[in-house]
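A.B. asks: Next come a sequence and a model predicted from it.
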Amino acid sequence: MQSRSLLGEELGRLRSELTVMAARVEDDLQKAREMLRTGDEDLAKEVKDSGRIVDELQLKVEDMALVLIATQQPVARDLRELITLFKLTANLERINDYVIHLAKIAKKLASRPPFQAMERIERMAETSQTMLKAAFSAYLSQDIEAAREAAAMDDAIDVEHKALVDEVLALMKENPKRIKSASRLVRLSGFMERLGDHITNMCEAIIFMVKGSHVKLNE
């Protein structure tokens, strides 16, 4: 009984550390969104510096989980949560990488003439932030339907990405002088599309944690 109580306490500590990591990633995404609107280069540096902290948090959470598996020998639901923690940290780390790319490219585009397609990037970033918050909330509440609803938001990101690529390719044909900047915009949109995919991966991991079955969402 004492061992079970200790396992519960340690899982609580892990959730707290993971919450810190997720909150930092969400905060970085918010800063990248602000940079899209303002061109504030200081925000790009803050996001880049924060990436190292996110990496450190990933290692900390994963090390704690490994120790818990080795010393407490969890089974069933507890073991699935520990496995899920590795999936969540890996996807959060990749999401933050794309946020850093978002900030870098936004910095390069800030001095260029504005693209109407940037509005689509801003909407993709906003949807991503809402989606990330909803996915992590689903993890904390262990709510399968909430995880499915969060993953469904990825459809809106995919629609914006496809529309942006079509618009920018047409712009390249009309104005070859803007090809370099336009290609950066397509690349940036691709990052946002993959960011949404990683949040979807988190939602799939949450469903596995709760139900013990693997699902593929948004196919």
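C.D. replies: Thanks, I have it.

A.B. asks: what pLDDT does the most centrally placed residue in the chain get?
C.D. replies: The residue lying closest to the centre of the chain (Cα atoms, centre = their mean) is residue 95, at 3.6 Å. For residue 95, the pLDDT comes out at 97.

A.B. asks: now it, nearest residue through space, not along the chain?
C.D. replies: Spatial nearest neighbour of residue 95, chain neighbours left out: residue 198 (5.0 Å); criterion: Cβ to Cβ, 6 or more residues apart in numbering. All C-beta atoms are positioned from the backbone trio N, CA, C, and that covers glycine.

A.B. asks: burial of the one you found, as a residue count?
C.D. replies: Applying other Cβ atoms under 10 Å, we find 21 residues neighbouring residue 198.

A.B. asks: Next: residue 141.
C.D. replies: The burial count for residue 141: 12, using other Cβ under 10 Å.

A.B. asks: related to what we said a few turns ago, is it true that the residue nearest to residue 95 touches residue 91?
C.D. replies: Yes: between residue 198 and residue 91 a contact is recorded at 4.5 Å, counting by Cβ atoms under 8 Å.

A.B. asks: coming back round to it: how about the contacts made by the residue nearest to residue 95?
C.D. replies: 91, 94-95, 98 (Cβ atoms under 8 Å, 6 or more residues apart in numbering).

A.B. asks: cool, and residue 191?
C.D. replies: 98, 101-102, 105.

A.B. asks: Which is the succeeding secondary structure element to the helix or strand bottoming out on mean pLDDT in the chain?
C.D. replies: Lowest on mean pLDDT, DSSP states H and E among the helices and strands of the chain sits helix 2-38, with a mean of 89. Sequence-wise, the next helix or strand downstream of helix 2-38 (DSSP states H and E) is helix 41-72.

A.B. asks: one step back: of the contacts of residue 198 - the most surrounded one?
C.D. replies: Busiest of the contacts of residue 198 [other Cβ under 10 Å] is residue 95, holding 26 neighbours.

A.B. asks: Got phi/psi on that residue?
C.D. replies: Residue 95 adopts backbone torsions of phi -60, psi -40, taken as degrees, to the nearest 10.

A.B. asks: Pretty sure it sits against residue 132.
C.D. replies: Yes: shown here, residue 95 and residue 132 form a contact pair, counting by Cβ under 8 Å, at 7.0 Å.

A.B. asks: intersection of neighbour lists for these two?
C.D. replies: The contact sets of residue 95 and residue 132 overlap at 25, 29, 199 (Cβ under 8 Å, 6+ apart).

A.B. asks: and which of the residues you listed is nearest to residue 10?
C.D. replies: Top of the list for closeness to residue 10, among the shared contacts of residue 95 and residue 132 and by Cβ to Cβ, is residue 25 at 23.0 Å.

A.B. asks: ok, that closest one - contacts?
C.D. replies: Applying Cβ under 8 Å, 6+ apart, we find residue 25 in contact with 54, 92, 95-96, 99, 132.

A.B. asks: Can you give me the pLDDT of residue 1?
C.D. replies: 44.

A.B. asks: quick revisit: buried ones in the least confident helix or strand of the chain?
C.D. replies: 7, 10-11, 14, 17-18, 21-22, 24-26, 28-36 (16 or more other Cβ atoms under 10 Å).

A.B. asks: Give the buried residues for stretch 164-181.
C.D. replies: 164-165, 167-168, 171-172, 178, 181.
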